[in-house]
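Colleague: sequence first, then the predicted structure:
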Amino acid sequence: MKIIGALLLPFFFYALYVLFTFIRSGEGKSERGHKILNHSYKAALPIMPIGWLLIEVTHSFINYSFETYRDLMWILILITFLVQGFTVHTYKNKQ
């Protein structure tokens with residue numbers, strides 16, 4: 001699990017950079033920027049509850065150690081931010 005998290009970290013940092021620079025820029029404060037952010041929130045919103053549900057359901061069948069559960073939750077958070085950052089990047093470059 002730690003290998004997957006380590007592989008996702010560079011993409012996570014890039015997505016975080018894209019997200020924060022967009023939010024703080026003038027483009028992020030315009031009406032178009034608000035629409036782009038709303039699209040990114042809509043794309044990222046269902047990932048956390050659905051992922052947590054899947055982790056809990058599989059935990060009923062497979063007993064995870066605390067360390068594995070913690071790593072899975074960390075990967076889920078990374079994926080959520082990845083989707084949000086790359087959605088902002090995609091919509092920003094689309095128009």
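Modeller: Great, that's in hand. Numbers count the residues shown, from 1 in each chain.
Colleague: gap between the residue of the chain most remote from its centre and residue 54?
Modeller: When each C-alpha in the chain is compared with the mean C-alpha position (CA atoms, centre = their mean), residue 61 comes out farthest, at 26.3 Å. The span separating residue 61 from residue 54 equals 11 Å under the rule CB to CB, to the nearest Å. All C-beta atoms are positioned from the backbone trio N, CA, C, and that covers glycine.
Colleague: identify the residues contacting the spatially closest residue to residue 91 that is not a sequence neighbour.
Modeller: Excluding the flanking residues, the one nearest residue 91 by CB to CB, 6 or more residues apart in numbering is residue 36, at 4.4 Å. Residues in contact with residue 36, defined by CB atoms under 8 Å, 6 or more residues apart in numbering, are 22, 28, 88, 91, 92.
Colleague: among the residues you listed, which two are most distant?
Modeller: Largest separation among these by CB to CB: 28 and 91, giving 11.4 Å.
Colleague: which residues touch residue 77?
Modeller: The contact partners of residue 77, taken as CB under 8 Å, 6+ apart, are residue 48.
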